[in-house]
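*Asks:* Next one to model:
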Amino acid sequence: MTIQARHISVLCKVAALAALLVASPAVMAAIPDDTSASSFSDETSPERIARSEERTLASLRSDDAAFHRLDADTRELRIPFTLAPGAVPEGVELVLSAQPVSGQSGGRLEAFLTGSRTISLSPLPESFEARFSLYSESLSEGENLLVVRFHAGMADGWRIDLRSSRLRVTALPAAGHETLQSLETALAAQFAAPRRVFIDAAGSGRERLAVEALVAQGIALRMGQAPVLVERPQAAELVVRAAIDPLSPTASIALTDPYTIHLAGSDTTIVAAAARLFAARSFASSETRMTPATALSAPALTHASARRVEGREHLQALASSGAPFARENGGRAAVVLAGESTADRLGALTLLSRAALVSGSSWLFAWYGDDAGLAPADHDLFLLGPITAINPDLVRAAPAEVRAAAQAADRRVPRTRRPYGSTAFADEGSAVAGAVTGVAALYREPGGRTVALVTAPEGADFSRAARRLAHSDLWQEMQGRAVLWDAGSVTAFGPTASAGEPLSDQLISLFREHDRLFALIAFALSVLLLFAGNAVNRRSTRAE
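*Replies:* Numbering: from 1, shown residues only. Model (predicted):
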């Protein structure tokens with residue numbers, strides 16, 4: 001009886017537990033799925049940390065003006081700016097830089113956000129730069145307006161330096177996005193927008209490079225600037241994944257969670273079509289999914305930044321309008337993304353996104369690959385990557401100024417030392433990050449094909465150099481057929497530049513490259529002479 005009673009007790013407990021689970025389905029929902037929870041938090045839920053972003057007043061205006069004059073006739077400077085949807089503003093600062101119009105400049109300057117209190121300045125008639133916090137109670141997501149107002153009285157006015165004056169906004173980014181349209185609005189915002197993007201196209205098969213290139217261009221056109229492409233999803237504020245999905249017979253773009261966009265198709269060709277759709281059409285009026293059918297009524301994805309420059313064989317045309325590669329939506333362009341490392345590929349994609357941005361639209365029909373030898377012979381060639389991954393014949397066949405720029409960049413890079421003996425131990429673990437320097441060139445081959453080359457010499461960090469060029473005003477300073485750039489400046493090489501080096505420079509370069517070997521040879525020679533001298537001394541002693 002005791003054993004039967006014990007069995008009956010156990011059965012009763014099991015039945016009671018089953019009844020509890022049936023009556024309370026929330027109990028089941030409360031049981032965590034460790035795998036899915038960790039995956040979501042690690043890859044698609046970036047940590048929300050308030051960040052400060054600073055932009056010049058010139059970059060917030062639609063024109064290219066460097067100064068704005070405030071006087072009795074023009075009393076206000078109005079600067080509109082946007083804060084991403086869902087962002088929580090925390091503070092705003094203004095750095096105001098101005099120059100007096102004359103020795104009688106004065107009066108009172110007021111700065112404020114519309115709807116908030118003012119900050120007043122009464123400067124002396126001399127150049128000044130003032131940093132102060134604005135009242136931010138009216139700062140909100142969406143459209144905002146900064147106003148700088150001049151009260152002249154009997155005084156002359158001021159010239160506001162728009163390139164030195166800066167607006168800094170501190171805000172907490174949005175906790176994800178509910179629709180594709182709201183995500184696109186957030187990307188276009190000037191403050192608190194998602195900037196760091198992770199692109200995963202490994203599931204796209206042979207179209208991987210094309211998909212990555214098109215996605216990077218589509219992101220840049222929505223942002224109005226080249227994105228910051230990261231290597232890990234944990235570091236991203238937006239994740240874009242593209243992969244084959246047998247359940248998706250047509251190209252589709254879906255917002256699968258608040259931070260992730262998924263591009264899908266039943267095969268590699270359809271996945272590439274989804275990437276072209278992503279790069280060609282705006283998400284305006286889209287909810288969480290876009291297909292070719294719904295994209296018919298969507299506006300084209302463009303950016304009004306292109307400026308036409310005459311002379312298709314010069315870097316100014318590439319830097320200002322993407323010419324000649326942007327013509328026919330890239331239909332006559334072959335883009336080669338060279339380099340084996342992920343960092344090099346992301347650097348090349350960043351440069352490509354900047355080129356597409358200035359052209360005003362994506363290069364939808366370009367050929368994308370990693371081998372220039374496979375590119376169509378009748379296409380213009382756009383080469384991006386470290387020089388070690390590019391066919392050296394292309395550089396040797398380039399005009400003299402291109403080779404001169406490449407050699408000048410090569411001389412700037414610290415030489416790799418070959419360790420010998422005890423120096424091998426001293427060198428272990430002392431690697432130094434590569435220099436930020438690179439070469440850009442655009443020229444026409446004898447056969448009529450236009451070639452653009454953006455590379456970095458051996459020993460330099462192509463990824464860092466590419467990002468520096470794509471994210472700065474250095475891009476706009478490219479000119480002529482070839483330039484050399486570093487972290488802060490661009491040097492042009494003209495058609496008359498000589499590709500050859502003087503013999504003295506060649507000898508100095510040779511010595512710097514093999515300095516330790518020469519030192520070892522000199523040491524061995526001195527030891528040999530020492531032994532030889534001792535032998536001569538012994539023979540002389542015996543002879544005496």
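
*Asks:* Could you pull out the buried residues of stretch 266-286?
*Replies:* 267-268, 270-283, 286 (16 or more other CB atoms under 10 Å). Quick note: C-beta positions are derived from backbone N, CA and C, even for glycine.

*Asks:* how much space between residue 84 and residue 405?
*Replies:* 40 Å (CB to CB, to the nearest Å).

*Asks:* who has more neighbours, these two?
*Replies:* residue 405 (28 against 23; other CB atoms under 10 Å).

*Asks:* Is that one part of a helix or strand, or is it coil?
*Replies:* Following DSSP: H, G, I helix; E, B strand; the rest coil, residue 405 is assigned to helix.

*Asks:* Could you do the one 5 residues further on as well?
*Replies:* At residue 410 the chain is in helix, as set by three-state DSSP.

*Asks:* tell me the secondary structure for the residue lying closest to it once chain neighbours are set aside?
*Replies:* Among residues not flanking residue 410 along the chain, residue 457 sits closest, at 4.3 Å (CB to CB, 6 or more residues apart in numbering). Here residue 457 is recorded as coil under three-state DSSP.

*Asks:* how near is residue 457 to residue 406?
*Replies:* 7 Å.

*Asks:* so what sits against both of those two?
*Replies:* Common contacts of residue 457 and residue 406 (CB atoms under 8 Å, 6 or more residues apart in numbering): 387, 439.

*Asks:* What count of nearby residues applies to the residue nearest to residue 410?
*Replies:* When neighbours are counted by other CB under 10 Å, residue 457 comes out with 25.

*Asks:* so who does it touch?
*Replies:* 387, 406, 409-410, 412-413, 437-439.

*Asks:* Compare those residues and tell me which has the most neighbours.
*Replies:* residue 438 (29 neighbours).

*Asks:* So what's the gap between whatever helix or strand that residue lives in and the chain middle?
*Replies:* Per DSSP states H and E, residue 438 falls inside strand 437-444. Distance, stretch centre to chain centre, for strand 437-444: 19 Å (CA atoms, centre = their mean, to the nearest Å).

*Asks:* try stretch 467-485
*Replies:* 14 Å.

*Asks:* What residues sit buried inside it?
*Replies:* Those would be 467-472, 474-475, 477-478, 480-485, for stretch 467-485 by 16+ other CB under 10 Å.

*Asks:* if we can go back for a sec, let me see the residues that make contact with the strand holding residue 438.
*Replies:* Strand 437-444 is touched from outside by 313-315, 317-318, 387, 398-399, 401-402, 405-406, 409, 412-413, 450-457, 460, 462, 465-466, 469, 478, 481-487, with contacts defined as CB under 8 Å, 6+ apart.

*Asks:* cool, and stretch 368-388?
*Replies:* Counting by CB under 8 Å, 6+ apart, 209-210, 213, 324-325, 332-339, 344, 347-348, 351-352, 355, 367, 390-391, 394-395, 406, 439, 449-458, 460, 462, 466 sit against stretch 368-388.

*Asks:* swap the cut-off to 7 Å and go again
*Replies:* 209-210, 213, 324-325, 332-339, 344, 348, 351-352, 367, 390-391, 394, 449-458, 462 (CB atoms under 7 Å, 6 or more residues apart in numbering).

*Asks:* pLDDT (mean, whole number) over the helix or strand hosting residue 216?
*Replies:* For residue 216, the host element (DSSP H and E) is helix 208-223. Taken as a whole, helix 208-223 has an average pLDDT of 98.

*Asks:* again, but for stretch 493-506
*Replies:* 53.

*Asks:* For the host helix or strand of residue 274, name the packing helices and strands.
*Replies:* For residue 274, the host element (DSSP H and E) is helix 268-280. With contacts taken as 3 or more CB pairs under 7 Å, 6 or more residues apart in numbering; DSSP states H and E, helix 268-280 sits against helix 208-223, strand 238-244, strand 252-257, strand 260-265.

*Asks:* and the closest residue to residue 326 other than its chain neighbours, how many neighbours?
*Replies:* Of all residues not flanking residue 326 in the chain, residue 359 sits nearest, at 3.5 Å (CB to CB, 6+ apart). Residues near residue 359, counting by other CB under 10 Å, number 25.

*Asks:* Just give the number of residues close to residue 304.
*Replies:* 8.

*Asks:* and if you look at residue 143?
*Replies:* 11.

*Asks:* list the contacts for it?
*Replies:* 80, 82.

*Asks:* quick one: it is in a strand?
*Replies:* Yes. Per three-state DSSP, residue 143 lies within a strand segment.

*Asks:* pLDDT weak spots in the stretch 301-450 of the chain?
*Replies:* Along the stretch 301-450 of the chain, segments meeting pLDDT under 70 span 305-313, 415-433.

*Asks:* so where's the stretch 101-250 of the chain shaky on pLDDT?
*Replies:* Using pLDDT under 70, nothing in the stretch 101-250 of the chain is flagged.

*Asks:* And the strands in it, which stretches?
*Replies:* Using DSSP state E, counting those that start in this stretch, the strands found in the stretch 101-250 of the chain span residues 108-113, 119-121, 128-133, 142-151, 158-161, 166-172, 196-203, 228-229, 238-244.

*Asks:* Make JSON lines from the ones you listed and add distance to residue 295 to it.
*Replies:* Output for these, formatted as JSON lines (distance: least, CB to CB, whole Å):
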{"stretch": "strand 108-113", "distance to residue 295": "38"}
{"stretch": "strand 119-121", "distance to residue 295": "47"}
{"stretch": "strand 128-133", "distance to residue 295": "45"}
{"stretch": "strand 142-151", "distance to residue 295": "26"}
{"stretch": "strand 158-161", "distance to residue 295": "43"}
{"stretch": "strand 166-172", "distance to residue 295": "32"}
{"stretch": "strand 196-203", "distance to residue 295": "20"}
{"stretch": "strand 228-229", "distance to residue 295": "25"}
{"stretch": "strand 238-244", "distance to residue 295": "16"}
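
*Asks:* Select, out of these, the one closest to residue 57.
*Replies:* strand 166-172 (6.5 Å; CB to CB).
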